[in-house]
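Colleague: Okay, predicted coordinates and the sequence, questions at the end:
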Amino acid sequence: MEMEITIRDEYIKLGQALKLAGVTRDGVESKYVITEGLVKVNGEVDLRRGRKVYKNDVISYDGNEIRVTG
């Protein structure tokens with residue numbers, strides 16, 4: 001499923017982006033799925049929940065593609 005999240009600042013942290021998109025319930029779940037290697041940013045696995053995600057980046061998790069807009 002494709003979806004978009006809109007940010008007002010220059011970036012959002014990866015864990016926060018997953019919560020904002022509604023694909024994880026909370027920060028604990030976000031941390032788990034990221035550190036387990038289940039999340040990709042722009043097609044590459046990233047294990048850092050503090051990874052800065054910018055406008056036009058695409059996050060992939062659990063069959064969802066989340067495009068960051070602003």
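Modeller: Cool, got the structure.
Colleague: give me the number of residues near residue 23?
Modeller: When neighbours are counted by other C-beta atoms under 10 Å, residue 23 registers 20. Just so you know, the C-beta spots here come from the backbone N, C-alpha and C atoms, and that holds for glycine as well.
Colleague: leaving aside the residues next to it on the chain, what's closest to residue 70?
Modeller: residue 55 (4.2 Å; C-beta to C-beta, 6 or more residues apart in numbering).
Colleague: what's near enough to touch the one you found?
Modeller: Contacts for residue 55 were tallied using C-beta atoms under 8 Å, 6 or more residues apart in numbering; they are 7, 68-70.
Colleague: Quick check: it vs residue 62, distance?
Modeller: Per C-beta to C-beta, to the nearest Å, residue 55 is found 22 Å from residue 62.
Colleague: what residues are up against residue 35?
Modeller: Contacts for residue 35 were tallied using C-beta under 8 Å, 6+ apart; they are 47, 49.
Colleague: Can you give me the buried ones in stretch 34-54?
Modeller: Buried residues in stretch 34-54, counted by 16 or more other C-beta atoms under 10 Å: 34, 39, 41, 49, 51, 53.
Colleague: The nearest residue to residue 2 once chain neighbours are set aside is in what secondary structure piece?
Modeller: Closest residue to residue 2 apart from its sequence neighbours, by C-beta to C-beta, 6+ apart: residue 65 at 4.9 Å. Following DSSP states H and E, one finds residue 65 within strand 64-69.
Colleague: partners of that strand, with directions?
Modeller: strand 2-6 (parallel), strand 58-61 (antiparallel) (DSSP bridges).
Colleague: Let me have the ones you listed in a markdown table, extended by distance to residue 12, mean pLDDT and mean neighbour count.
Modeller: Compiled in a markdown table, those are given as follows (distance: least, C-beta to C-beta, whole Å; pLDDT from 0 to 100; neighbours: other C-beta atoms under 10 Å):
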| stretch | distance to residue 12 | mean pLDDT | mean neighbour count |
| --- | --- | --- | --- |
| strand 2-6 | 8 | 97 | 12 |
| strand 58-61 | 10 | 98 | 18 |
